[in-house]
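Q: I would like to see how this sequence folds:
(chains A and B)
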Amino acid sequence: DTAVSQTPKYLVTQMGNDKSIKCEQNLGHDTMYWYKQDSKKFLKIMFSYNNKELIINETVPNRFSPKSPDKAHLNLHINSLELGDSAVYFCASSPNPQGAGPYEQYFGPGTRLTVT
Amino acid sequence: RKEVEQDPGPFNVPEGATVAFNCTYSNSASQSFFWYRQDCRKEPKLLMSVYSSGNEDGRFTAQLNRASQYISLLIRDSKLSDSATYLCVVNIYTGTASKLTFGTGTRLQVTL
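A: Numbering: from 1, shown residues only, chains lettered A, B, ... in the order given. Below is the predicted model of the structure:
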């Protein structure tokens, strides 16, 4: 019954590797997001997709590439991993925003990425 | 200056106490406001939206002052289960996208 699910939950990898994180939501939402929460617990948006279309692309290195095969899935691929990529990555979804809101975003359980 | 500023705490309070958290935001174009709660090693979850008229949900009361760009959260009769990090969140709708900006959170520890 999980509303927003992510795999894997933990990911430990070496610098220079390429890895992917998958996200799926079964809430019927049109909009999905990727957030990064660093070691200081600061949660910052990276990307947002609405119905498979990229609508928010914050200042993120182009080693990070989101892909949305359909509106229920938003995956994150990271090339050439660096030590500074170590963080918790959260996927989220929300209804398609029409106007100022408010709109609740539903978060997945997070993927804890450790780059060694 | 951070877009959303909060006192990181921790706030250590005994059970039954009343505790208040404050938050300021810098972007006057912010349109909607929230408090999210994040338990240790868990995902953020919506606690409540914040409306200009102020709103209450059980022991929780939220206030918004748009002129001062200030948001508050009051928790009455604190419970052990209230221990968590409380995230102040503002939303700007760009016309195509709804973008949430999170504060760094205020940690609350409720003790016996």
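Q: contacting residues for the most centrally placed residue in chain A?
A: Nearest residue to the geometric centre of chain A (CA atoms, centre = their mean): A:Trp34, 2.6 Å. Contacts for A:Trp34 (CB atoms under 8 Å, 6 or more residues apart in numbering or on different chains) come out as A:23, A:45-48, A:66, A:74, A:76, A:89-92. No exception for glycine: its C-beta is placed from N, CA and C like everyone else's.
Q: Can you add distance to B:Arg66, neighbour count and pLDDT and give those residues back as TSV?
A: Listed next are those as TSV, based on distance: CB to CB, whole Å; neighbours: other CB atoms under 10 Å in any protein chain shown; pLDDT from 0 to 100:
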residue	distance to B:Arg66	neighbour count	pLDDT
A:Cys23	34	25	98
A:Ile45	23	21	93
A:Met46	28	18	95
A:Phe47	29	21	93
A:Ser48	25	28	91
A:Pro66	34	21	94
A:Leu74	33	29	96
A:Leu76	35	22	97
A:Tyr89	33	22	98
A:Phe90	29	26	98
A:Cys91	31	29	97
A:Ala92	26	25	96
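Q: Verify the contact between A:Leu54 and A:Lys67 for me.
A: No: using CB atoms under 8 Å, A:Leu54 is not in contact with A:Lys67, being 9.8 Å away.
Q: Nearest residue to A:Thr114 in space, please, no chain neighbours.
A: Counting by CB to CB, 6 or more residues apart in numbering or on different chains, A:Thr114 lies nearest to A:Val12, which is 4.7 Å off, once chain neighbours are set aside.
Q: Identify all contacting residues around the helix or strand containing that neighbour.
A: Taking DSSP states H and E as the criterion, A:Val12 maps to strand A:10-13. The contact list for strand A:10-13 (CB under 8 Å, 6+ apart) reads A:19, A:21, A:81, A:111-116.
Q: try stretch A:37-48
A: Residues contacting stretch A:37-48 (CB under 8 Å, 6+ apart): A:31-36, A:54-58, A:60, A:64, A:66, A:74, A:76, A:86-90, A:110, B:44, B:85, B:87, B:97, B:99-102, B:104-105.
Q: Show me which of those residues are buried.
A: A:31-36, A:55-56, A:64, A:66, A:74, A:76, A:86-90, A:110, B:44, B:85, B:87, B:97, B:99-102, B:104-105 (16 or more other CB atoms under 10 Å in any protein chain shown).
Q: Those in strands, which ones?
A: Among the buried ones among the contacts of stretch A:37-48, the members falling in strands (DSSP state E) are A:31-36, A:55-56, A:64, A:66, A:74, A:76, A:87-90, B:44, B:85, B:87, B:99-102.
Q: what's the next secondary structure element after the least confident helix or strand in chain B by mean pLDDT?
A: Using mean pLDDT, DSSP states H and E, strand B:98-102 stands out as the lowest-scoring helix or strand of chain B, at a mean of 88. The first helix or strand that comes after strand B:98-102 along the chain, using DSSP H and E, is strand B:106-111.
Q: Give me the helices and strands touching that following strand, please.
A: strand B:11-14, strand B:19-25, strand B:84-93 (3 or more CB pairs under 8 Å, 6 or more residues apart in numbering or on different chains; DSSP states H and E).
Q: what angle do that strand and strand B:84-93 make?
A: If you take axes from the mean of the first three to the mean of the last three CA atoms, to 10 degrees, strand B:106-111 sits at 150 degrees to strand B:84-93.
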